[in-house]
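*Asks:* Predicted model, plus sequence, below.
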Amino acid sequence: MAPVDTSLLSTTIILLVIIIRIFQVYSEITTGVAKRRTNLDDKISDFRMLWEFNRKGTPLCIGECSRDERCASVFYNKMTGHCQGHSITFGDPLAITDSPNYRYYLRPHGENYIGDSCLDSNECVTVNSECRTGICQCIPGYSFSPKTHECKECTNYGNDYWEIMDHYISKKNMETFDGLTLQECFNLCNSRTDYTCVSLEYGRATQVCYLANITVLQYPERWYHDSVQTFVIAYYQRDCE
């Protein structure tokens, strides 16, 4: 019986492992688990970041996102293994930061999802969403729910907010605070215990914070667009948990 060439066998095994690995990556990216957006190569953002890990290999990073119902997309650095999960979609490469070796991948529900680029509201597929300022966003009054992938009226609220510039609900605030940063205003809304704070307005010039337990859905007649920026104010709708 002829002796077995162990070096050839080892090489064959190594090649087989590499082929299997390539197939795993290809299948992860092309069969519905995730889709790469090449226009966001070498880009990254920390907006709406859920978590970050070090994971060696694209499938492992995508797998982390697939196991989190809130996760819509990931940035993955192919050199360092840095994996960053997000609850929204990114579409515009000019709106995020340059960072070499990052690749961006979407889960199936991330297409035309909250945060994605759009030209009109027909492109935004999330329930109760619209195209506003070139981005798919929730219709004012509806909160973004990362868990159920829709815009809706919440029963439980999270700690994040969507901004609607130059809009406000007139004279329906529960509390007013002077001299705060926007983050301090968010923190106050999140920590209210005597009522559920679901929206707020913030004066960017005055640093005045207005907290409310209602949304525009309850008082559409008091919803105003400050088109000439008289008050330099923005409305913030609180996300669902």
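*Replies:* Nice, I can see it.
*Asks:* quick one, what contacts Phe231?
*Replies:* Tyr168, Gly203, Thr206 (CB atoms under 8 Å, 6 or more residues apart in numbering). Any C-beta I mention is one placed from the backbone N, CA and C, and that applies to glycine too.
*Asks:* Can you check my assumption that it lies in a strand?
*Replies:* No. Secondary structure assignment (DSSP: H, G, I helix; E, B strand; the rest coil) places Phe231 in coil, not in a strand.
*Asks:* circling back: and the buried ones among the contacts of Phe231, selectable in ChimeraX?
*Replies:* Those of the contacts of Phe231 that count as buried under 16 or more other CB atoms under 10 Å are selected in ChimeraX with:
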select :168,203
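*Asks:* Name the nearest of the contacts of Phe231 relative to Arg37.
*Replies:* Tyr168 (34.9 Å; CB to CB).
*Asks:* any idea how far the strand or helix carrying the closest one is from the chain center?
*Replies:* Using DSSP states H and E, Tyr168 sits within strand 167-169. Relative to its chain's centre, strand 167-169 lies at 24 Å (CA atoms, centre = their mean, to the nearest Å).
*Asks:* and it, what other elements does it pack with?
*Replies:* Packing partners of strand 167-169 (3 or more CB pairs under 8 Å, 6 or more residues apart in numbering; DSSP states H and E): strand 199-203, strand 223-225, strand 233-240.
*Asks:* Contacts for the shortest one next, please.
*Replies:* The contact list for strand 223-225, computed with CB under 8 Å, 6+ apart, reads Pro140, Asp166, His167, Tyr168, Ile169, Ser170, Val216.
*Asks:* so what's the spatially most central residue of the chain up against?
*Replies:* Closest residue to the average C-alpha location of the chain: Ile88 at 2.4 Å, with CA atoms, centre = their mean. By CB under 8 Å, 6+ apart, the residues touching Ile88 are Phe47, Arg48, Ala72, Ser73, Tyr113, Ile114, Gly115, Asp116, Pro146.
*Asks:* Quickly list the domain ranges of the chain.
*Replies:* 31-110, 155-240 (automatic domain parsing).
*Asks:* I'd like the average pLDDT over the shortest one.
*Replies:* This means domain 31-110. Averaging pLDDT along domain 31-110 gives 93.
*Asks:* now swap in stretch 139-156 and tell me
*Replies:* Stretch 139-156 comes out at a mean pLDDT of 96.
*Asks:* Alpha carbons only: can I get that stretch in CSV?
*Replies:* Extracted in CSV, the C-alpha atoms of stretch 139-156 (Å, rounded to 0.1, in the frame of the first residue of the first chain):
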residue,chain,number,x,y,z
ILE,A,139,-44.9,60.4,10.8
PRO,A,140,-45.1,63.1,13.6
GLY,A,141,-46.9,61.7,16.6
TYR,A,142,-45.8,58.1,16.0
SER,A,143,-42.8,56.6,17.8
PHE,A,144,-40.2,54.4,16.3
SER,A,145,-40.2,50.8,17.7
PRO,A,146,-36.9,49.0,17.0
LYS,A,147,-38.4,45.8,18.4
THR,A,148,-41.5,45.6,16.1
HIS,A,149,-39.9,47.5,13.2
GLU,A,150,-42.8,50.0,12.9
CYS,A,151,-43.9,53.5,13.9
LYS,A,152,-46.7,53.4,16.4
GLU,A,153,-48.2,54.7,19.6
CYS,A,154,-46.3,53.2,22.4
THR,A,155,-47.3,51.7,25.8
ASN,A,156,-43.7,51.6,27.0
